[in-house]
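In: need coordinates for the following:
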Amino acid sequence: MKIHEDRSHMNIDTRWFEKGYAKEDVHSLRLQSLCTEAEAAANKQFYDSHTREEWEQYIRQASLESSAAMKPVMEAIAQDFVCYQYDENIPVSYGSDRWDLYFWCNPFNGAANASERDFSYFTLTFNERQMLEKRRKICQQVLDLLCSRFQEHPNLDVAVQYSIWFDHPKIHDAVERAKPRLHGLRCIQDQKEGKLLLQDGALLFKPKYAKKYTRTLSQSQILSLSWELGVEDGEPDTDAAPVTLPYKKFGATHPIQLQVTSYLNGNLAIQMVTLESGDPEPWATLTVNLPGQRQKDHAFIDTNADSEFPTWLIRHGLAIPTGHTMQSGFCTYPEYRFRANRLQELDPEGYAGYLKNFERRCSA
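Out: Numbers count the residues shown, from 1 in each chain. From the prediction side, this is the model:
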C-alpha cells in the first residue's frame, strides 16, 4: 500500500494560513488498484503476443480480480464508518451530519448486473456539515485502519485530497476593520495604478485617469491589500509553551514533545521528549539513520524501539508511509514522509535548522 497527499487545489497565499484566516481541510480519499511493475510487464507481454479479442478478455478478467481484491478494503471501512450511498439501508439523509463518508464508484462496463460495482477505483468524500476537526479525525482514523489492515496490499494506492477551510466570520471582521484604513491609499490592481475609495460600505478601486469607472473589491482582495499596504491590525496570538502530543504507553498517557534535528549526513532526525516532570526528559528516538541519503522530510521509523510509532504518527497527522522499507540486521524499518507544516508547528527552530542542513547537503 502507498499513501500520498494531493494539495493541487490549495494554490493560495500562505499568509491566509499563517494569519489564521484559513486552515487545511480534508476533502476526500481516492483509493485505487494500481499494477505493480511485474504486473505491468506481464500485461505488456500478453498484449504483444495475443489477439485483440484475447487481450480484451484478459483485461476484463484482470478488472474483475482487481475489483474483488479491493472490495474487502471498502467493506472494512464501512464497518467502522457511516458511508452514505454505499449501504442504501442506512437511515440518514444526505443533508445531515450523521454520515462520515460519501461513497462513489463506477459500475462495471458491460456487467451482467447493471448494479455491479467496480471497486478498483472509488472515492470517499468527507461530510462538509461536520466540524473541521471531526473530518480530520475521521481521515486519520481511516488511514490508521488502512495501515493496520492493508499495509501489505501490493496494489492499493491511497490519495488524500486536501482543500481549504476559511474562517468566514474572522475574515469578515478583518475586512470591515481594514476598509476605512485603506480608503484613499494608492495601489496597483491588474497591473493598473489607482486609488482605493470607500463608498456606501464597499471598497472600490478607481484606476488612475478614470473619470467614472470603479471596481468593487472582493474580501480576499481587500485582505491581500491590507497585508501589502501594512494596514492590518495585529497578528494572531502565538503560544510560547511547547506543543505536546499524548502518547499512551505503560498504562498512562505521556505528554510528548518532538525535537527536530539532523544526522551528520543531513538526514532528518526526530527525538521524543517527555515533559511529565515539568522539565524535558529523553523518551525515545523516533527515527533511525540507515545508509544512504533520504529525500526532504523523509525518515525511517525505529519500529524496533516501539512498533506503535507508525500508528501514533498517522493518528496525529504527522507523517504518512511511502511504502519503502529497509533492512538492517534482523529488523525491517518503514520509511515515512513527515508533513512539513506539522514539524514547523511542533519545533519551528529545530525544523529550520534541519532545512538549512538539508539545503547545504544538496548544494554540496
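In: all contacts plus neighbour counts: C-alpha atoms, from now on.
Out: OK.
In: please tell me how far the residue lying farthest from the centre of the chain sits from Gly194.
Out: Here the chain has its C-alpha centre computed as a mean, and the residue farthest from that point, by Cα atoms, centre = their mean, is Lys211 with 48.3 Å. Taking Cα to Cα, to the nearest Å as the measure, Lys211 falls 12 Å from Gly194.
In: please apply the same query to Glu359.
Out: Per Cα to Cα, Glu359 is found 41 Å from Gly194.
In: which strand or helix spans the residue farthest from the centre of the chain?
Out: Taking DSSP states H and E as the definition, one finds Lys211 inside no helix or strand.
In: again with the one 10 residues further on
Out: With elements taken from DSSP H and E, the one containing Gln221 is helix 219-228.
In: hang on, the earlier thing: of Glu359 and Gly194, which one has the most company?
Out: It is Gly194, of Glu359 and Gly194, that has more neighbours when counted by other Cα atoms under 10 Å, with 19 against 13.
In: just give me how far the host helix or strand of Pro282 sits from the chain centre.
Out: When secondary structure is defined by DSSP H and E, Pro282 falls within strand 281-285. In terms of Cα atoms, centre = their mean, to the nearest Å, the centre of strand 281-285 is found 27 Å from the chain centre.
In: quick one: list the elements packing against it.
Out: Helices and strands touching strand 281-285, as assessed by 3 or more Cα pairs under 8 Å, 6 or more residues apart in numbering; DSSP states H and E, comprise strand 268-274.
In: any idea how far the closest residue in space to Gln151 that isn't next to it in sequence is from Arg135?
Out: Residue nearest to Gln151 in three dimensions, not counting chain neighbours: Met1, with 5.3 Å by Cα to Cα, 6 or more residues apart in numbering. In this structure, Met1 and Arg135 are 23 Å apart, going by Cα to Cα.
In: same question, Trp165
Out: Distance, Trp165 to Arg135, using Cα to Cα: 11 Å.
In: any common contacting residues for those two?
Out: Counting by Cα atoms under 8 Å, 6 or more residues apart in numbering, the contacts common to Trp165 and Arg135 are Asp25.
In: wait, what's in contact with Ser120?
Out: Shown here is Ser120, whose contacts under the criterion Cα under 8 Å, 6+ apart are 31-33, 63, 66-71.
In: with only the CA atoms kept, save the host helix or strand of Tyr102 in CSV.
Out: Tyr102 is part of strand 101-107 when elements are defined by DSSP H and E. Taking C-alpha atoms only, strand 101-107 is exported to CSV below (Å, rounded to 0.1, in the frame of the first residue of the first chain):
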residue,chain,number,x,y,z
LEU,A,101,-18.0,9.5,4.1
TYR,A,102,-19.8,9.8,0.7
PHE,A,103,-19.0,6.7,-1.3
TRP,A,104,-18.7,6.7,-5.1
CYS,A,105,-17.5,4.3,-7.7
ASN,A,106,-18.3,3.3,-11.3
PRO,A,107,-20.4,0.3,-12.3
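In: all set, thanks.
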